[in-house]
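Q: all I have is the shape, not the residue letters:
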């Protein structure tokens with residue numbers, strides 16, 4: 001229920017908080033923001049839908065170096081991997097301090113042929129991609145654009161980790 005008008009503090013002006021959210025999360029978050037806004041009293045949330053890769057790149061860049069605009073006050077990327085990418089520069093690390101709670105999790109699915117799956121003794125060889133790429137593997141990997149997609153980035157990172165072990 002909305003706060004009682006008589007007991008609610010009044011504000012001369014509400015503080016605007018800019019929230020950047022990944023397109024994959026925009027629809028459910030818009031519903032939450034709409035429902036929560038009356039309870040936020042002196043805060044006005046301004047939600048912009050921006051790809052996680054774009055925001056991560058801007059956070060890691062110095063001011064004046066190709067920024068599309070102002071950086072958001074809050075950011076909800078599609079995955080923690082984008083947070084790590086944003087913190088990959090000294091500038092990004094300085095901008096993103098503190099703790100960052102995970103608000104949801106979703107699995108990455110790896111599909112392989114039955115013949116290839118028979119050669120992997122997971123979990124003893126580690127995560128499936130690492131096991132598939134290990135040793136004298138001739139496995140090939142297809143992935144979605146890792147600069148724009150969570151599953152593509154996760155796959156690339158795991159393939160890179162497996163390649164480092166060879």
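A: Cool, got the structure. Owing to the predicted nature of the structure, the values given are computational and were not obtained by experimental measurement. Residues are numbered from 1 along each chain as shown.

Q: what about residue 59, distance to residue 33?
A: If you measure residue 59 against residue 33 using CB to CB, to the nearest Å, the figure is 21 Å. Every C-beta, even on glycine, is put in place using the N, C-alpha and C of the backbone.

Q: who has more neighbours, those two?
A: When residue 59 and residue 33 are compared for neighbours, residue 59 comes out ahead with 26 against 16, by other CB atoms under 10 Å.

Q: contacting residues for that one?
A: By CB atoms under 8 Å, 6 or more residues apart in numbering, residue 59 lies in contact with 71, 75, 86, 91, 92, 95, 96.

Q: nearest to residue 55, of these?
A: Ranking the contacts of residue 59 by separation from residue 55, with CB to CB as the measure, puts residue 75 on top at 5.6 Å.

Q: wasn't the closest one part of a helix?
A: No. Using DSSP: H, G, I helix; E, B strand; the rest coil, the assignment for residue 75 is strand, not a helix.

Q: burial check on it, number of neighbours?
A: 22.

Q: what separates it from residue 28, distance-wise?
A: For residue 75, the distance to residue 28 - CB to CB - is 16 Å.

Q: check residue 112 too.
A: 32 Å.

Q: again with residue 58
A: The spacing between residue 58 and residue 28, counted by CB to CB, is 24 Å.

Q: more crowded one of the two?
A: residue 58 (23 against 11).

Q: name the element the more buried one belongs to?
A: helix 52-60 (DSSP states H and E).

Q: quick one: residues contacting the nearest residue to residue 103 once chain neighbours are set aside.
A: Here the nearest residue to residue 103 in space, its sequence neighbours aside, is residue 76; by CB to CB, 6 or more residues apart in numbering that works out to 7.4 Å. Contacts were defined as CB under 8 Å, 6+ apart; by that measure residue 76 touches 19, 20, 21, 22, 25, 29, 103.

Q: likewise residue 62?
A: Taking CB under 8 Å, 6+ apart, one finds residue 91 in contact with residue 62.

Q: if I look at it, how far off is residue 94?
A: On the measure of CB to CB, residue 62 and residue 94 end up 10 Å apart.

Q: got any residues that touch both of these two?
A: Going by CB under 8 Å, 6+ apart, no residue sits against residue 62 while also sitting against residue 94.

Q: can you report how many residues lie near the residue nearest to residue 82 when sequence neighbours are not counted?
A: Counting by CB to CB, 6+ apart, residue 82 lies nearest to residue 52, which is 3.9 Å off, once chain neighbours are set aside. Other residues within reach of residue 52, judged by other CB under 10 Å, total 27.

Q: perfect, that will be all.
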